[in-house]
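Asks: fold the stuff below for me.
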Amino acid sequence: DSSVYLRYIFNTCFRTVEPLEYYRRFLKENCRPDGRELGEFRTTTVNIGSISTADGSALVKLGNTTVICGVKAEFAAPPTDAPDKGYVVPNVDLPPLCSSRFRSGPPGEEAQVASQFIADVIENSQIIQKEDLCISPGKLAWVLYCDLICLDYDGNILDACTFALLAALKNVQLPEVTINEETALAEVNLKKKSYLNIRTHPVATSFAVFDDTLLIVDPTGEEEHLATGTLTIVMDEEGKLCCLHKPGGSGLTGAKLQDCMSRAVTRHKEVKKLMDEVIKSMKPK
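Replies: Numbering: from 1, shown residues only. Prediction:
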């Protein structure tokens with residue numbers, strides 16, 4: 001039908017020429033161009049243990065946004081100022097293959113911000129106590145390299161990275177290590193492995209602010225670009241705030257912030273339930 005085709009052409013042109021006005025027309029009707037309501041998250045899936053060569057791994061999809069996390073455990077000398085602790089070293093990579101907005105070469109600003117955000121989540125949530133990674137005080141400790149790679153970028157990278165990190169750490173098994181007193185060398189027993197002691201389960205929930213007043217959850221890449229501000233809240237299972245990330249943009253009233261916090265608590269329950277179900281399904285019957 002030619003009228004349907006013409007309407008499609010008009011909408012496509014309108015979206016290209018006036019993307020913000022195009023979005024506003026949807027927002028006025030309390031919906032978004034992808035069919036979601038303002039407070040609705042995209043379909044979220046997690047696949048745990050996807051990389052056989054890693055000590056722990058997970059693949060998370062948040063709509064089109066796809067992040068894989070691989071954890072590699074290596075030996076290192078403990079820090080001199082904390083001889084009873086190990087290390088957790090996160091790194092977020094946003095390669096050109098995930099989006100045309102990223103270039104090859106050294107990490108760009110967005111990748112650096114994401115890496116720092118994940119480091120803050122690890123530190124503030126105490127997801128792992130670094131003392132648990134110490135093998136022999138002052139002599140030997142574990143260092144966990146957590147590499148997060150974005151395979152497809154369509155907004156809300158922080159939520160996807162936080163979920164992928166948590167799921168991958170839940171998948172890590174470390175072998176038993178003892179120090180031989182005679183040789184002072186480490187002896188690894190690969191037949192005796194144990195899971196990490198995950199002490200908290202931090203979950204990130206991101207929001208975009210439109211025209212300084214309207215809040216939407218789980219923004220796409222286009223929505224992030226058009227928004228007047230973004231906000232990411234990280235909560236643990238006790239409803240404790242682990243992290244709050246707001247890179248400038250429009251301010252939020254106390255009531256709006258409270259609304260975001262309560263939505264983050266609800267989102268935590270959904271993500272934790274999803275992860276628990278996947279882990280349970282992996283266990284041998």
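
Asks: next, the buried residues of the longest helix along the chain.
Replies: Longest helix in the chain by number of residues (criterion: DSSP state H): helix 254-282. Within helix 254-282, the residues scored as buried using 16 or more other CB atoms under 10 Å are Lys256, Cys260, Arg263, Ala264, Arg267, His268, Val271, Leu274, Met275, Val278. C-beta coordinates here come from the backbone N, C-alpha and C atoms, glycine included.

Asks: count the neighbours of the residue nearest to the first one when sequence neighbours are not counted for me.
Replies: Nearest-residue entry for Lys256: Leu215, 6.4 Å, with adjacent residues in sequence omitted and distances by CB to CB, 6 or more residues apart in numbering. As a burial measure, Leu215 scores 18 neighbours (other CB atoms under 10 Å).

Asks: look up which residues are beta-bridged to Leu215.
Replies: Beta-bridge partners of Leu215, counted by DSSP bridges, are Val209.

Asks: if I look at it, how far off is Gly39?
Replies: 8 Å (CB to CB, to the nearest Å).

Asks: tell me the mean pLDDT over stretch 84-101?
Replies: Here stretch 84-101 scores 94 as its mean pLDDT.

Asks: so which residues of the chain form helices?
Replies: Using DSSP H, helices in the chain cover 2-17, 19-27, 109-125, 157-171, 221-226, 254-282.

Asks: closest to Cys150 out of these?
Replies: helix 157-171 (6.2 Å; CB to CB).

Asks: let's see the closest one as PDB, backbone CA atoms only.
Replies: What follows is helix 157-171, C-alpha atoms only, in PDB (Å, rounded to 0.1, in the frame of the first residue of the first chain):
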ATOM      1  CA  ILE A 157      27.200  -0.400  28.800                       C
ATOM      2  CA  LEU A 158      27.600   0.000  32.600                       C
ATOM      3  CA  ASP A 159      24.600  -2.200  33.500                       C
ATOM      4  CA  ALA A 160      25.800  -4.900  31.100                       C
ATOM      5  CA  CYS A 161      29.400  -4.800  32.400                       C
ATOM      6  CA  THR A 162      28.400  -4.900  36.000                       C
ATOM      7  CA  PHE A 163      26.200  -7.900  35.400                       C
ATOM      8  CA  ALA A 164      28.800  -9.700  33.300                       C
ATOM      9  CA  LEU A 165      31.500  -9.100  35.900                       C
ATOM     10  CA  LEU A 166      29.300 -10.500  38.700                       C
ATOM     11  CA  ALA A 167      28.300 -13.600  36.700                       C
ATOM     12  CA  ALA A 168      31.900 -14.300  35.600                       C
ATOM     13  CA  LEU A 169      33.200 -14.000  39.200                       C
ATOM     14  CA  LYS A 170      30.500 -16.400  40.400                       C
ATOM     15  CA  ASN A 171      31.800 -18.900  37.800                       C
END
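
Asks: list the buried residues of that helix.
Replies: Here helix 157-171 shows 157-171 as buried, counting by 16+ other CB under 10 Å.

Asks: and stretch 226-243, by the same measure?
Replies: Those buried within stretch 226-243 under the rule 16+ other CB under 10 Å are 226-236, 242-243.

Asks: what's the end-to-end length of it?
Replies: 24 Å (CA to CA, to the nearest Å).

Asks: Gln112 and Val92, how far apart?
Replies: Counting by CB to CB, the gap from Gln112 to Val92 is 8 Å.

Asks: more neighbours: which of the two?
Replies: Taking other CB under 10 Å, Gln112 and Val92 do not tie; Val92 has more neighbours (27 against 14).

Asks: quick one: neighbours of the residue nearest to the more buried one when sequence neighbours are not counted, just the number.
Replies: Closest residue to Val92 apart from its sequence neighbours, by CB to CB, 6+ apart: Ala114 at 3.9 Å. As a burial measure, Ala114 scores 26 neighbours (other CB under 10 Å).

Asks: got the contact list for Ala114?
Replies: Taking CB atoms under 8 Å, 6 or more residues apart in numbering, we find Ala114 in contact with Val92, Leu94, Leu148, Ile157, Leu158, Cys161.

Asks: do the same with Asp218
Replies: Asp218 touches Glu40, Phe41, Arg42, Leu62, Gly63, Gly155, Asn156, Asp159, Thr205, Ser206, counting by CB under 8 Å, 6+ apart.
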